[in-house]
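> sequence-free structure coming up:
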């Protein structure tokens, strides 16, 4: 299974929380941090459940989420 993580571009984010609602693995939650525009921004939890499905990025109206696909290395 593919694994991934996301990077949230906080200064683009307007705190709509659509990404939180869209994440089926609950890897994103709203933080108490504010960006330079005064919006609460989400944060990536990194629990290892992200599959890089890109749904959070697709739903984001501000294009504030970058997907990073992780390469799984098979051990011998």
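Arrived safely. If you're wondering where the values come from, they're calculated on a predicted model, not measured in any experiment.
> now the strands for the chain?
With DSSP state E as the criterion, the chain has strands at 3-8, 28-34, 40-44, 65-70.
> same for the first one, what does it pack against?
Counting contacts by 3 or more Cβ pairs under 8 Å, 6 or more residues apart in numbering; DSSP states H and E, the secondary-structure elements packed against strand 3-8 are strand 40-44, strand 65-70. Any C-beta I mention is one placed from the backbone N, CA and C, and that applies to glycine too.
> could those strands go into a markdown table alongside mean neighbour count and mean pLDDT?
Converted to a markdown table, these look like this (neighbours: other Cβ atoms under 10 Å; pLDDT from 0 to 100):
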| stretch | mean neighbour count | mean pLDDT |
| --- | --- | --- |
| strand 40-44 | 19 | 97 |
| strand 65-70 | 15 | 95 |
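> right, so of these, which gets closest to residue 3?
strand 65-70 (4.5 Å; Cβ to Cβ).
> quick one: residue 63 and residue 12 touch, right?
Yes: contact status for residue 63 versus residue 12: in contact at 6.6 Å, counting by Cβ atoms under 8 Å.
> quick one on the thing from earlier: among the helices and strands packed on strand 3-8, which is nearest residue 58?
That would be strand 65-70 among those, by Cβ to Cβ, at 8.9 Å.
> Okay, now the sheet partners of that closest one, with direction.
strand 3-8 (antiparallel) (DSSP bridges).
> in the partner strand, what counts as buried?
Residues of strand 3-8 classed as buried: 4, 5, 6, 8 (neighbour count, 16 or more other Cβ atoms under 10 Å).
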